[in-house]
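1. sequence and computational prediction follow.
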Amino acid sequence: MTMRVEPIIGRYGHMEIEGRTHRVYWEEAGEGVPLVCLHTAGADGRQYRAVLNDPEVTAHHRVIVFDMPRHGKSSPAPGTVDDAYALTSDAYAAQILAVCDALELDRPVVMGCSIGGRIVLHLAHRHPERFRALIGLQSSDHVAPYYDTAWLHRPDVHGGEVCGAVAYGLMAPQSPEAERDETRWHYMQGGPGVFRGDLWFYKVDGDISGQVAEIDVAKCPIHLLTGSYDYSCTPDDTRDLARRLGVEMTEMEGMGHFPMSENPERFLDYLRPVLRTIREG
């Protein structure tokens, strides 16, 4: 039987983020305009495996997917493994800028989902000159609390299984079963308290509703795509954000909160035209 080898290269790099040295893992494939992909809360870069493997995308883009510190193959900074973790807007933005600087990326496109879809708004607000364009998946300016995050990190509860269950409920039933299973498996493998700590940004610190009017999309174009089956960031949430920004949004039919992971082939049908527009623009 012939083995199929994927064209993805994984590397570790030692870089400074907010005054601390971190060993960060990233995967990449392709050549061309840099496309940096940001994974969701509590997960890692494996969510973008289809984008990394798509020849149409990688023919035009150097796709880069890094694991945030504490996620996937990126460990916590030395001496911080027992620290209480709560992701802030400043820390999240600093990670992204540090990776872009370390890899010497010239005005990359940045695409993020969920918490990644929120941080791209902060990037547009703080550093629009650094990016060619920004893509927000499941992107909203805030989210109303809808569950008790304490259940995600308790000594009497299996945190991985709870995280997987939360992720499973956010996916569309129309998405292929194998892809949904792999998506929740990623969530079951997260470090203790990491999902809960990421949600501090998503639910509290990352609320940017008061600054949306200050974002100038003429300085950095923003593209918004949201799955139709998502109660965490509904299409109406993104539609309202798009109206306030003065941009269009695309509703992705039959997908939930993790479009690039739960239904990757269908997601690529939506992504390719957006990337084409960015290149031509």
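-> Structure's in. What do you need? Numbers count the residues shown, from 1 in each chain.
2. once you drop chain neighbours, what's closest to V120?
-> Leaving out its chain neighbours, the residue that sits closest to V120 by Cβ to Cβ, 6 or more residues apart in numbering is L134, at 4.2 Å. C-beta: built from backbone N, CA, C; applies to glycine.
3. can you classify that neighbour as helix, strand or coil?
-> Counting by DSSP: H, G, I helix; E, B strand; the rest coil, the backbone at L134 sits in strand.
4. let me see the contact set for it.
-> L134 makes contacts with 109-111, 120-121, 123-124, 220-223, as judged by Cβ atoms under 8 Å, 6 or more residues apart in numbering.
5. and for G246?
-> Shown in contact with G246 (Cβ under 8 Å, 6+ apart): V217.
6. also D90?
-> Neighbours of D90 in contact, by Cβ under 8 Å, 6+ apart: E18.
7. and the pLDDT at it?
-> The per-residue pLDDT reported for D90 equals 98.
8. next: Y147.
-> Note for Y147: predicted pLDDT of 68.
9. what of G159?
-> On pLDDT, G159 comes in at 82.
10. do you know how far it is from T149?
-> G159 sits 11 Å away from T149, going by Cβ to Cβ, to the nearest Å.
11. please identify which of those two sits among more neighbours.
-> A count of neighbours by other Cβ atoms under 10 Å puts G159 above the other of G159 and T149, at 22 against 17.
12. and the more buried one, what does it touch?
-> So G159 contacts 152-153, 190, 192-193, 195 (Cβ under 8 Å, 6+ apart).
13. same question, C37
-> When contacts are counted by Cβ under 8 Å, 6+ apart, C37 touches 45, 48, 51, 63-65, 111-112, 116, 260.
14. could I get those in TSV, plus columns for distance to R20?
-> Below are these laid out as TSV (distance: Cβ to Cβ, whole Å):
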residue	distance to R20
G45	21
Y48	26
V51	29
V63	27
I64	21
V65	22
M111	26
G112	22
G116	22
M260	29
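15. which one of those is nearest Y85?
-> Ranked by distance to Y85 (Cβ to Cβ), the contacts of C37 are led by G116 at 17.4 Å.
16. beta partners of the closest residue to the closest one other than its chain neighbours?
-> Using Cβ to Cβ, 6+ apart and skipping the chain neighbours, the partner closest in space to G116 is L38 (3.2 Å). Residues in a beta bridge with L38, per DSSP bridges, are G112.
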